[in-house]
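Trainee: Sequence first, predicted model second:
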Amino acid sequence: MVEANSRPVAKIRVSTRVFSENEIREISQKYGTPVFLIDEETLRRKVRELEEAFSGFRGPIRIAYSMKANFNPAVVKVFVSEGILFDITSLGELYFYSRCGGAPENAIYTSVTEEEQEFFQILQAGVSRIVVGSYNGLINLINASERAQKSPRILARVNPEVAVKAGIRASYRHGKFGVPFNSGTTDSAHHLVRKIMDNPRLIFEGFHFHLGSQVVDPQCFLSALDKLEIFIHRMSREYPDINVKVIDIGGGTPVVYDEPVPTPREIGTMLMPRLNQLAQRLNSNPTVILESGRYLSAESCVLVSKIVNAKTYGDQKLIFVDAGYHLLLDAALLRQEYPQEVYPKGRYEPESRITVAGRLCDTYDIFPSSQLSNLDGASVGKFLAFRNVGAYSIVFNMPFHCQTKPAIVMRRMNGDFVLVRQAQTIEDLYREEGGELEITF
Ligand SMILES: Cc1ncc(COP(=O)(O)O)c(C=O)c1O
């Protein structure tokens with residue numbers, strides 16, 4: 001087991017501060033607040049870190065960016081230019097990916113609804129690696145493949161039903177993703193593999209599982225691989241020539257928000273002996289795919305807000321920022337603690353506890369403060385930055401209270417800051433909500 005508490009907190013605080021105080025102040029003055037800042041170098045470095053962490057695998061290892069975490073075109077283009085695979089979940093994501101120059105052969109398509117027309121469209125677009133996690137979905141894929149006259153490479157999505165310690169669990173009994181190895185119905189991996197193997201149009205490529213996001217104990221991967229190996233062994237009695245070419249172990253690599261978590265290197269070190277053993281026993285030189293949305297995109301990004309009001313209740317000081325959970329939904333939904341920092345820094349005031357409140361008229365619009373936060377000297381007029389917000393935040397931006405989407409600015413490799421998303425104006429929002437449609441009442 002990886003010792004989750006083995007890393008000193010001070011080290012973590014330094015490693016996740018991506019922008020300097022000067023940069024935060026200058027960009028916020030230029031573009032206004034709230035504003036998201038993204039660092040291209042960090043995005044690229046995260047790819048290297050994952051690759052290195054799994055470099056001890058005896059066969060090919062591929063990293064796939066899960067673009068559900070952040071589909072901003074500039075971010076997608078950075079990862080496309082890295083030549084990595086992409087985990088794509090909807091026709092909309094596929095559109096973004098293609099427009100950003102992504103090649104269909106680098107896409108892994110994993111739908112939740114698995115509709116026939118959806119499969120037909122992705123096959124027509126040239127995507128051939130498809131994950132299937134339901135019997136109906138497989139029938140839909142077979143029909144779509146016939147119509148499109150294509151032969152997809154299929155990964156059977158299994159739900160290994162193992163215990164998962166994670167911020168968000170995706171594999172558990174009766175969960176919505178994938179199929180169990182044996183459920184007693186056609187919705188089992190056993191039936192899926194049979195149906196794929198028996199259909200000459202389909203190419204069975206291997207298995208996929210996704211255990212959860214922000215996985216804090218990698219033991220679940222080992223348990224899932226154990227179950228998978230037993231299952232493959234059983235299937236190989238029925239199909240002696242079954243060839244497992246791909247094992248996709250999904251996402252879940254965690255990010256430091258509020259407490260130490262295992263690093264990719266620690267996770268890789270823990271999984272490697274088991275993956276190597278499995279690969280050797282399979283004798284098919286399988287490729288291992290590691291998907292990641294959160295780890296690849298979170299640390300590159302900071303949301304800068306401004307402290308616009310404050311009040312005190314006894315020993316509690318409430319500070320109001322011009323952000324809210326419409327920009328960081330998981331702060332409300334999951335009580336996600338994004339590390340916060342005040343600029344310019346001030347003096348520690350032992351007599352007051354500081355609570356950060358958002359601008360929405362909703363009780364849940366309070367930001368839990370990470371133990372890595374430093375709110376010393378928070379007062380009206382200063383900036384408050386939320387760190388590590390690059391994953392599952394920009395994609396959830398919403399217009400509650402007629403709030404507009406803020407600008408996104410990227411620091412390029414040469415240090416230049418460029419606008420990569422224009423701030424939405426209130427006029428844009430009014431028009432998008434139908435305000436200018438010719439309707440009389
Ligand atoms: C199938 C699949 N793969 C990968 C991911 C990415 O997970 P993470 O961002 O935690 O790496 C998800 C997230 O929901 C997912 O559903």
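Mentor: Noted; the coordinates are in hand. Residues are numbered from 1 along each chain as shown.

Trainee: which stretches of the stretch 201-350 of the chain form strands?
Mentor: 203-208, 212-215, 246-248, 287-292, 301-313, 316-321, 340-343 (DSSP state E, counting those that start in this stretch).

Trainee: JSON lines for these, including mean neighbour count?
Mentor: Just so you know, the C-beta spots here come from the backbone N, C-alpha and C atoms, and that holds for glycine as well. Putting these into JSON lines (neighbours: other C-beta atoms under 10 Å) gives the following:
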{"stretch": "strand 203-208", "mean neighbour count": "24"}
{"stretch": "strand 212-215", "mean neighbour count": "25"}
{"stretch": "strand 246-248", "mean neighbour count": "24"}
{"stretch": "strand 287-292", "mean neighbour count": "23"}
{"stretch": "strand 301-313", "mean neighbour count": "19"}
{"stretch": "strand 316-321", "mean neighbour count": "19"}
{"stretch": "strand 340-343", "mean neighbour count": "21"}
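
Trainee: Identify whichever of the ones you listed lies nearest to residue 379.
Mentor: With distances scored as C-beta to C-beta, the stretch of these nearest to residue 379 is strand 301-313 (6.5 Å).

Trainee: Okay, now the sheet partners of the closest one, with direction.
Mentor: If you go by DSSP bridges, strand 301-313 pairs up with strand 35-39 (antiparallel), strand 316-321 (antiparallel), strand 383-387 (antiparallel).

Trainee: near the ligand at all, that strand?
Mentor: No. Using C-beta under 6 Å from any ligand atom, strand 301-313 stays clear of the ligand, with a minimum separation of 13.7 Å.

Trainee: Would you confirm that residue 57 contacts residue 269?
Mentor: No. Judged on C-beta atoms under 8 Å, residue 57 makes no contact with residue 269 at a distance of 11.4 Å.

Trainee: Burial check on residue 411, number of neighbours?
Mentor: Neighbourhood size, residue 411 [other C-beta atoms under 10 Å]: 20.

Trainee: can you pull up the bridge partners for it?
Mentor: On the basis of DSSP bridges, residue 411 is bridged to residue 39, residue 417.

Trainee: isn't it right next to residue 38, touching?
Mentor: Yes. Between residue 411 and residue 38 there is a contact under C-beta under 8 Å: 7.2 Å.

Trainee: tell me the contacts of the closest residue to the ligand within the stretch 201-350 of the chain?
Mentor: Nearest residue of the stretch 201-350 of the chain to the ligand (C-beta to the nearest ligand atom) works out as residue 251 at 2.4 Å. Residue 251 makes contacts with 66, 87, 210, 213, 290, 291, 292, 293, 294, as judged by C-beta atoms under 8 Å, 6 or more residues apart in numbering.

Trainee: Nearest to residue 121 among the strands paired with strand 301-313 would be which one?
Mentor: Among these, strand 35-39 comes nearest to residue 121, with 30.2 Å by C-beta to C-beta.

Trainee: just the angle between the following helix or strand past the closest one and strand 287-292, please?
Mentor: For strand 35-39, the following helix or strand on the C-terminal side (DSSP states H and E) is helix 40-53. Helix 40-53 and strand 287-292 are oriented at 140 degrees to each other (axes from the mean of the first three to the mean of the last three C-alpha atoms, to 10 degrees).

Trainee: Thank you kindly, that will do.
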